[in-house]
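Visitor: make a model of this:
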Amino acid sequence: KQAMQWYRSGSDYNTAALNFEHKGLQVCPPKPVGCETYPEAKAQGIVSQWSKGLRTQYPTAVEAWENLAARHQEGTWGVPWHKWAQTWNSASGDISAAAWQLTFRFLDTDDDDFISEKEFAAGFELTSSICPNGHFRT
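Guide: Got it, this is the predicted structure:
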């Protein structure tokens, strides 16, 4: 039982009783509406194709960063979530929301909502770690 007081004009205080009860926790649905399980292997494949294309245009990750991502960088953190689509689209030509969103999550390995130059470089180098026949290293 909780008691509350409030003041109204004049000098009188009024008291009200607030009764409440807890009926337990509701179990969350296994998958919230509008959400899907993150397809990491698919994201890795998309980043791999992106990397392969970048490596034909830029000899190093540093040069790719300077030409594609540096202009979208905020401070020293890197490219934020809300600017990654621009960076991704200028590099890949794939403007689908699914592609840039999947790749952002895949590349943002420290989960700080920024793609740092180091994370970008790791994505750039990804093609060198792809196994034959489209299989991925574990």
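
Visitor: now the most centrally placed residue in the chain: how far from Gly53?
Guide: Nearest to the geometric centre of the chain sits Arg105, at 4.2 Å (C-alpha atoms, centre = their mean). The gap separating Arg105 from Gly53 is 20 Å, by C-beta to C-beta, to the nearest Å. Just so you know, the C-beta spots here come from the backbone N, C-alpha and C atoms, and that holds for glycine as well.

Visitor: where does the protein dip in pLDDT?
Guide: 1-17, 28-29, 32, 92-97, 128-138 (pLDDT under 70).

Visitor: can you give me the helices in this structure?
Guide: 40-57, 61-64, 81-92, 97-107, 117-124 (DSSP state H).

Visitor: let's have those helices in JSON lines, adding distance to Gln73.
Guide: Converted to JSON lines, the helices of the chain look like this (distance: least, C-beta to C-beta, whole Å):
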{"stretch": "helix 40-57", "distance to Gln73": "17"}
{"stretch": "helix 61-64", "distance to Gln73": "13"}
{"stretch": "helix 81-92", "distance to Gln73": "8"}
{"stretch": "helix 97-107", "distance to Gln73": "14"}
{"stretch": "helix 117-124", "distance to Gln73": "8"}
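
Visitor: mind listing what Glu74 touches?
Guide: Glu74 sits next to Pro80, Lys83, Phe114 when contact means C-beta atoms under 8 Å, 6 or more residues apart in numbering.

Visitor: the helices of the chain: which one's closest to Leu25?
Guide: Set against Leu25 and scored by C-beta to C-beta, those come closest in helix 97-107, at 28.5 Å.
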